[in-house]
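Chemist: Test case, fold it:
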Amino acid sequence: MQNERAQGWRALLYKEVLRFCHVGTQTIAAPVLTALLYLLIFSHVLESRVLVFGGQIAYTTFLVPGLIMMSVLQNAFANTSSSLIQSRIVGNMVFFLLAPITPWGFFAAYTLAGVLRGVMVGVGVWLAATLLFTPALWQPVAPLWSLIFLFLGSALLAMLGIIAGLWSEKFDHLATFQNFIIVPMTFLSGVFYSVQTLPDFWIKVSHLNPFFYMIDGFRYGFFGIADVSPWISLMVVGVATLFTTWTTWRLIASGWKLRP
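Modeler: Just a heads-up that it's a prediction; the model follows:
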């Protein structure tokens, strides 16, 4: 039985990875191209007009880590949320429930697939941006910090995608979750600017946004400079990830919106 359960969650993970790899042009290449368009437009317009970290870093160089992390977060969320709601609407979720897969196996398969897609998109943005715009970013100052926030951030958004996929009854509900929660929190997290350039009130508001700490900590790994201490960012993101892990697993274990 133990061997069957192990095979079950690995098969589900394999299925989820194949699902987004078969449409790689849409799930991998398109997000990379979108990030490069952001980089091209914003760097052309704002390179000579925006100073970040007191002018220590060029704006285009500053922008790249933010775009990488934004792409990772949005695609990790999109992978799990779209897969779950599609399975629920089509009706093939029952086959996963009948298979010998434990709640932890179900949770792990969907979360790891979301992490993998997010990381693949992030690596694609990083490679393309460094080749075309910022070759200095080939060697991050503290790569371990970037890797930590890369995996914590993608796992957190993949789990939020599971929650959104379970909660949504149709694609309109999922679009509401994404357009009114995920996208605003991502864009207002310091992707395109340093929050220290904002008025005091908006700095305080930004510090209430957990996405800010993911992006700021990830950026610290490239430059060794950040708006807040990377340890503070790690604490906030770590607590958010643990809470989301517990919540997501409890929803799956209870069969919420999974069982008819």
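Chemist: doesn't residue 217 make contact with residue 189?
Modeler: No: counting by CB atoms under 8 Å, residue 217 is not a contact partner of residue 189; they are 11.2 Å apart. All C-beta spots, glycine's among them, are computed from the backbone N, C-alpha and C.
Chemist: neighbour-wise, which of these two wins?
Modeler: The neighbour count for residue 189 versus residue 217, taken as other CB atoms under 10 Å, is higher for residue 217 (28 against 23).
Chemist: Tell me which helix or strand the more buried one sits in.
Modeler: helix 210-223 (DSSP states H and E).
Chemist: Following element in sequence after that helix, please.
Modeler: Next element after helix 210-223 (DSSP H and E): helix 230-254.
Chemist: Run the angle between that following helix and helix 210-223 for me.
Modeler: 130 degrees (axes from the mean of the first three to the mean of the last three CA atoms, to 10 degrees).
Chemist: gap between the two ends of stretch 202-216?
Modeler: Chord length of stretch 202-216, first to last residue, is 16 Å (CA to CA, to the nearest Å).
Chemist: what does it rub up against?
Modeler: Residues outside stretch 202-216 that contact it (CB atoms under 8 Å, 6 or more residues apart in numbering): 65-66, 69-70, 73, 149, 152-153, 156, 185-186, 188-191, 195-196, 198, 226-228, 230, 232-233, 236-237, 240.
Chemist: of the residues you listed, buried ones?
Modeler: Buried by 16 or more other CB atoms under 10 Å: 65-66, 69-70, 73, 149, 152-153, 156, 186, 188-191, 195, 226-228, 230, 233, 236-237, 240, out of these.
Chemist: Can you verify my assumption that residue 107 contacts residue 250?
Modeler: No: the pair residue 107 / residue 250 is not scored as a contact, 10.0 Å apart, by CB under 8 Å.
Chemist: Neighbour count for those two, which is higher?
Modeler: When neighbours are counted by other CB under 10 Å, residue 107 and residue 250 differ, and residue 107 comes out ahead with 21 against 11.
Chemist: how many degrees apart are the helix or strand encompassing the more buried one and helix 210-223 in direction?
Modeler: Residue 107 is part of helix 103-132, with elements assigned from DSSP H and E. Put simply, helix 103-132 runs at 50 degrees to helix 210-223, going by the same axes, to 10 degrees.
Chemist: Any buried residues in helix 103-132, and which?
Modeler: 103, 105-126, 128-129.
Chemist: before we move on, what about stretch 147-167?
Modeler: Applying 16+ other CB under 10 Å to stretch 147-167 flags 148-150, 152-167 as buried.
Chemist: Next: stretch 133-149.
Modeler: Across stretch 133-149, burial judged by 16+ other CB under 10 Å covers 133-134, 137, 140, 145-146, 148-149.
Chemist: Let me have these in JSON lines, extended by pLDDT, distance to residue 80 and secondary structure.
Modeler: As requested, the buried residues of stretch 133-149 are arranged in JSON lines below (pLDDT from 0 to 100; distance: CB to CB, whole Å; DSSP: H, G, I helix; E, B strand; the rest coil):
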{"residue": "133", "pLDDT": "90", "distance to residue 80": "30", "secondary structure": "coil"}
{"residue": "134", "pLDDT": "89", "distance to residue 80": "30", "secondary structure": "coil"}
{"residue": "137", "pLDDT": "90", "distance to residue 80": "29", "secondary structure": "helix"}
{"residue": "140", "pLDDT": "92", "distance to residue 80": "27", "secondary structure": "coil"}
{"residue": "145", "pLDDT": "97", "distance to residue 80": "25", "secondary structure": "helix"}
{"residue": "146", "pLDDT": "96", "distance to residue 80": "23", "secondary structure": "helix"}
{"residue": "148", "pLDDT": "97", "distance to residue 80": "21", "secondary structure": "helix"}
{"residue": "149", "pLDDT": "97", "distance to residue 80": "19", "secondary structure": "helix"}
